[in-house]
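Trainee: sequence isn't available, so here's the structure alone:
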Ligand code: FES
């Protein structure tokens, strides 16, 4: 009996001990299983929270004022456009009607002997009164610059940079154009102000050219009438497509003179603007143009 009781007690004791061993792992499993459940609940919060962000970032640029440097760039572009617009109308404004004040008052315009500006590049012709009979000093197919109205001093005239008082004096090529004849019709005097955008053309005596050429945009005026035949000046409507010019005569001694100009488009033209070359033909008829 005693042994049965011990055995029973031992069995109960073992049973109790096994139950404890079994119960303990279960408890551990339950604990370890609960941890993933807790952590699994966190991700949904992270997914939901970024959603509202796009709304403010999209709306912001629409109401944001342009940066200062962009405003400055816009003003710069506007200034360029304005300057371009002003330059585009320059050839079409009758500047000459009031520019005469910049080249002297009305009293400055008088009959005047033609004197070559005193520049060394002109050699023997520098500072000399032009005589139509002098084919050595003033040979055909040659050109010089003169000043009208003159200060009376060819050296001072040569230092005057105002192109609105400068003229290209050309002795025409010999032959058909009559540069070897001994009268005023052998010469023409074109304004040094191009009717396009006021650059200064030059006579090109090369036999393949013999024309008045502007270096800026390629306008070319034919000689002796001064009508633009190529380049932007030739694209302009009359009378803004012909270069203004002086009227020349020779006195009994053969000295060349500038007659008092009529500054309108039907006569000598408007400086920097143009001249009606057909009207000028009727106004003055050099021999080279069929006059007497
Ligand atoms: S200024 Fe433009 S062609 Fe003379």
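Mentor: Received, thanks. Every value quoted in this text rests on a predicted model; they were computed, and no experiment measured them.
Trainee: same question for stretch 207-218: list its buried residues.
Mentor: 210, 211, 212, 213, 214 (16 or more other Cβ atoms under 10 Å). C-beta coordinates here come from the backbone N, C-alpha and C atoms, glycine included.
Trainee: actually stretch 199-209, not the one I typed
Mentor: Burial within stretch 199-209, assessed by neighbour count using 16+ other Cβ under 10 Å, is assigned to 201, 203.
Trainee: average model confidence for it?
Mentor: Across stretch 199-209, the average pLDDT comes to 98.
Trainee: for the stretch 101-250 of the chain, which spans come out with low pLDDT?
Mentor: Within the stretch 101-250 of the chain, the ranges that satisfy pLDDT under 70 run 101-107.
Trainee: please redo it, this time with the cut-off set to 90
Mentor: Within the stretch 101-250 of the chain, the segments meeting pLDDT under 90 span 101-108.
Trainee: which bits of it sit near the ligand?
Mentor: Residues of the stretch 101-250 of the chain that fall close to the ligand, judged by Cβ under 6 Å from any ligand atom: 194, 196-199, 214, 216-219, 231-233.
Trainee: dump the buried residues of stretch 207-218 to JSON lines, plus distance to residue 124.
Mentor: Shown next, in JSON lines, are these (distance: Cβ to Cβ, whole Å):
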{"residue": "210", "distance to residue 124": "23"}
{"residue": "211", "distance to residue 124": "26"}
{"residue": "212", "distance to residue 124": "24"}
{"residue": "213", "distance to residue 124": "25"}
{"residue": "214", "distance to residue 124": "28"}
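Trainee: tell me which of these fall in strands.
Mentor: 211, 212, 213 (DSSP state E).
Trainee: run through the residues that contact the second one.
Mentor: Right, the one you point to is residue 212. By Cβ atoms under 8 Å, 6 or more residues apart in numbering, the contact list for residue 212 reads 168, 170, 190, 201-204, 220-223, 226, 243.
Trainee: what is the nearest of those to residue 255?
Mentor: Among the contacts of residue 212, residue 170 lies closest to residue 255 (Cβ to Cβ), at 17.6 Å.
Trainee: I'd assumed that closest one was in a helix, is it?
Mentor: No. Under DSSP: H, G, I helix; E, B strand; the rest coil, residue 170 sits outside any helix and is assigned strand.
Trainee: pull up the gap between it and residue 110, please.
Mentor: Residue 170 is 23 Å from residue 110, where distance means Cβ to Cβ, to the nearest Å.
Trainee: who has more neighbours, these two?
Mentor: Set side by side, residue 170 and residue 110 show more neighbours around residue 170, with 25 against 12, by other Cβ atoms under 10 Å.
Trainee: before we move on, the earlier item: go through the ones in strands among the buried residues of stretch 207-218 and name the one nearest residue 281.
Mentor: Distances from residue 281 to those, taken by Cβ to Cβ, are shortest for residue 212, at 17.5 Å.
Trainee: skipping adjacent residues, who's closest to the closest one in space?
Mentor: Nearest residue to residue 212, sequence neighbours excluded (Cβ to Cβ, 6 or more residues apart in numbering): residue 221, at 4.0 Å.
Trainee: any idea which element the closest residue to residue 198 other than its chain neighbours lies in?
Mentor: Distance criterion Cβ to Cβ, 6+ apart; nearest residue to residue 198, sequence neighbours excluded, is residue 272 at 5.5 Å. Per DSSP states H and E: residue 272 is located in neither a helix nor a strand.
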